[in-house]
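K.L.:
coords below, sequence missing:
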């Protein structure tokens, strides 16, 4: 018979006391859920309760802040929604909303006692269209006078709605941005962002240098002083002259009113740029172009927002040239 040589482990155990061997066995034995619970302090501390509550909220679905959901859907800016909450105008499941409340799946939301179908504002890929608006179209969803509206010319969205970034009056053509991301739209329109808008203007007659200087220094209008940030002469023949002007605010009919304040007749007005987005030369009137993922990244960066979402679903659009960049 072969004699058994003691293993290293058995010789080591032989040199240890029974207590040491028991401790070693405990360390080498994997703990089950039950053993971990039994070895823990069963009296919950304040910190333990907070951790448990946080864990439960995550497991049940912590939801999303109401301000963020409604801003994304274009219902109002985050600041506006916070004001509505302070005024008690929002309810979830019949209870008045408090700051910090979140929307979870199945919640019943009301604004001024009217139901808000907020589920359609769920996180979805951002889409931005460059629409070449013709004169004669109105930037509204419905027109009581029966005039053609911009939104009827755009592709239909299943779970959201198009939001226009600013407006163009019925007699102004050119670049109109529309998006399904209300937060992006609000950021690009907010006065604090001071996004440049560039317009091509055709005027009748000659303009003196003195008049141009007044328009750059500031003119008193009925709603306050306004001015052009820049004016560039773009040529013209005969009585008609073309200028490109830049403004950094979106007051109603501001460009026309500035020229009219100097008794200058504007015969044509077209927006050719909004911030970093330029109207493509090949984009026909009444057509649209959808920004690519790279162009969306640039626009989000310009607006000071982070883009954490899936890639956008592509639709056929024209033209293929990239519209981003400075003119």
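P.N.:
In hand now; what should we look at? Treat the numbers as computed from the prediction; the structure is a model and nothing was measured. Numbering: from 1, shown residues only.

K.L.:
Would you quantify the distance from the most centrally placed residue in the chain to residue 263?
P.N.:
Against the mean C-alpha coordinate of the chain, by Cα atoms, centre = their mean, the closest residue is residue 184 at 2.1 Å. According to Cβ to Cβ, to the nearest Å, residue 184 stands 39 Å off from residue 263. C-betas here are computed from N, CA, C, even on glycine.

K.L.:
now do residue 136
P.N.:
From residue 136 over to residue 263 the distance is 26 Å, taken as Cβ to Cβ.

K.L.:
ok, the residue nearest to the centre of the chain - contacts?
P.N.:
Shown in contact with residue 184 (Cβ atoms under 8 Å, 6 or more residues apart in numbering): 126, 128, 299, 300, 303, 305.

K.L.:
Narrow these to those in strands?
P.N.:
Using DSSP state E, the members of those that fall in strands are residue 128.

K.L.:
Pull out the buried residues from the contacts of residue 184.
P.N.:
126, 128, 299, 300, 303 (16 or more other Cβ atoms under 10 Å).

K.L.:
Those residues in helices, which ones?
P.N.:
Of the buried ones among the contacts of residue 184, the ones assigned to helices by DSSP state H are 299, 300, 303.

K.L.:
Mean confidence (pLDDT) on stretch 245-256, please.
P.N.:
Computed over stretch 245-256, the mean pLDDT rounds to 92.

K.L.:
hmm, who's touching that stretch?
P.N.:
166-167, 169, 172, 189, 191, 194-199, 201, 215, 223, 226, 228-232, 266, 269.

K.L.:
Hmm, residue 164 and residue 74 touching each other?
P.N.:
No. Taking contacts as Cβ atoms under 8 Å, residue 74 lies outside contact range of residue 164: 9.5 Å.

K.L.:
residues shared between the contacts of the two?
P.N.:
In contact with both residue 74 and residue 164: residue 185, using Cβ under 8 Å, 6+ apart.

K.L.:
Helices along the stretch 151-300 of the chain, start to end?
P.N.:
Secondary structure of the stretch 151-300 of the chain (DSSP state H, counting those that start in this stretch): helices located at 182-189, 209-217, 254-261, 293-303.

K.L.:
so which of these is the most packed in?
P.N.:
Of all the helices of the stretch 151-300 of the chain, helix 182-189 has the most neighbours on average by mean count of other Cβ atoms under 10 Å, namely a mean of 22.

K.L.:
Could you check the angle it makes with helix 293-303?
P.N.:
60 degrees (axes from the mean of the first three to the mean of the last three Cα atoms, to 10 degrees).

K.L.:
Span of stretch 228-243 from start to end?
P.N.:
Length of stretch 228-243, first residue to last, Cα to Cα, to the nearest Å: 12 Å.

K.L.:
could you list every residue that touches residue 121?
P.N.:
Per Cβ under 8 Å, 6+ apart, neighbours of residue 121: 69, 70, 72, 73, 75, 160, 182.

K.L.:
Look at the closest residue to it other than its chain neighbours and say how many residues are nearby.
P.N.:
With Cβ to Cβ, 6 or more residues apart in numbering as the measure, residue 73 is the residue that lies nearest to residue 121, at 3.3 Å, once sequence neighbours are left out. The number of residues packed near residue 73 is 23, by other Cβ atoms under 10 Å.

K.L.:
measure residue 73 to residue 296 for me?
P.N.:
Taking Cβ to Cβ, one finds residue 73 at 18 Å from residue 296.

K.L.:
Likewise for residue 142?
P.N.:
29 Å.

K.L.:
circling back to that earlier point, and the furthest pair within the contacts of residue 184?
P.N.:
Farthest pair in the contacts of residue 184 (Cβ to Cβ) is 128 and 305. Separation: 12.3 Å.

K.L.:
Now residue 141: which helix or strand?
P.N.:
Using DSSP states H and E, residue 141 is not contained in any helix or strand.

K.L.:
Can you report how many residues neighbour it?
P.N.:
Using other Cβ under 10 Å: residue 141 sits among 12 other residues.

K.L.:
ditto for the one 4 residues further on
P.N.:
Counted by other Cβ under 10 Å, the residues lying close to residue 145 total 5.

K.L.:
Please tell me how far the residue nearest to residue 201 when sequence neighbours are not counted sits from residue 236.
P.N.:
Excluding its sequence neighbours, the residue lying closest to residue 201 (Cβ to Cβ, 6+ apart) is residue 243, at 5.0 Å. For residue 243, the distance to residue 236 (Cβ to Cβ) stands at 9 Å.

K.L.:
The two: who's more crowded?
P.N.:
Neighbours were counted for residue 243 and for residue 236 using other Cβ under 10 Å; residue 243 has more, 22 against 13.

K.L.:
Thanks again, I'm all set now.
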